[in-house]
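Engineer: just a sequence and a predicted model for now, questions to come.
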Amino acid sequence: MSKQFAVLGLGSFGWSVALTLEKMGCDVLVADDSYEKIQEISEQVSYAVKADVTDPEALQTLGGRDLDGAVIAVSENFEASIMATLLCKEMGIPLVVAKAKDDLQGTILKKVGADMVVYPEIDMGSRVAKNLAAREFMDWIELSENYSMVEAAVPEPWRGKCLADLKVRERFGINVIGIIIDKQVDVAYDPQAPLPSDGVLILVGSNDILQKFDAKKGHR
């Protein structure tokens, strides 16, 4: 079943998050009080609704309890961001990501319930969306339009096995370029050494392959 997200607010950041999540196969519901913006994006996402995201009744109609997460990307005022964050948590949405302009706003948003606070530039929405859609990865950094670098905990079936035997590149089309152990990066890890259970792998691959890869189980 596809992951389902709500994106509240269609500024540059919210727009980028919504379209990237949709491209990654998620069901995306967007809400904004601008009829023009909703009309423009309506054919590019699963659902588009004109709504005041600070109105409890309006948010309840979005079916929040079925959502995997919500992104609060309200741009017009900080009070609206606070209210939307509070309402989403009260609705039981398990993951609420809120946009902040500075540390003070971030601190306040966390205090009212935000699970994650981001401080985005215009082009950062895509990265945030990829991290949401691929929760098995600890980080996702775009290297180009088609390739990305991700960090993932060593999959349980790989623990105690060596890279030479796992043949990650041959089997999955993914390159292991390093490993993080005790916060130290090792880019020359012995391919014959067993992988530790507490290690974090640094992987590079095409976006298509990475999106299909199950980083917990170690297979597609």
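Structural biologist: Done, it's in.
Engineer: flag the helix or strand of this protein with the lowest per-element mean pLDDT.
Structural biologist: helix 125-133 (a mean of 65; mean pLDDT, DSSP states H and E).
Engineer: beta partners of Ala6?
Structural biologist: Legend: beta-bridge partners of Ala6 under DSSP bridges are Leu29, Ala70.
Engineer: since we're on it, how many residues are nearby?
Structural biologist: Look at Ala6: counted by other C-beta atoms under 10 Å, it has 29 neighbours. C-beta: built from backbone N, CA, C; applies to glycine.
Engineer: could you check the pLDDT of it?
Structural biologist: At Ala6, the model reports a pLDDT of 93.
Engineer: check contacts around the residue in the chain sticking out farthest from the centre.
Structural biologist: Taking C-alpha atoms, centre = their mean, the residue of the chain most remote from its mean C-alpha position is Gln192, at 33.2 Å. Gln192 sits next to 162, 164 when contact means C-beta atoms under 8 Å, 6 or more residues apart in numbering.
Engineer: and the gap between it and Val28?
Structural biologist: 44 Å (C-beta to C-beta, to the nearest Å).
Engineer: please apply the same query to Ile202.
Structural biologist: From Ile202 to Val28 the distance is 29 Å (C-beta to C-beta).
Engineer: for the two, indicate the residue with more neighbours.
Structural biologist: More neighbours surround Val28 than the other of Ile202 and Val28, with 27 against 20 (other C-beta under 10 Å).
Engineer: might one say that the more buried one is in contact with Leu10?
Structural biologist: No. Val28 is beyond contact range of Leu10, at 11.6 Å (criterion: C-beta atoms under 8 Å).
Engineer: okay, and the common contacts of those two?
Structural biologist: Ala18.
Engineer: and stretch 35-52, what's buried?
Structural biologist: Across stretch 35-52, burial judged by 16 or more other C-beta atoms under 10 Å covers 37-38, 41, 45-46, 48, 50-51.
Engineer: what about Thr61, neighbour count?
Structural biologist: 11.
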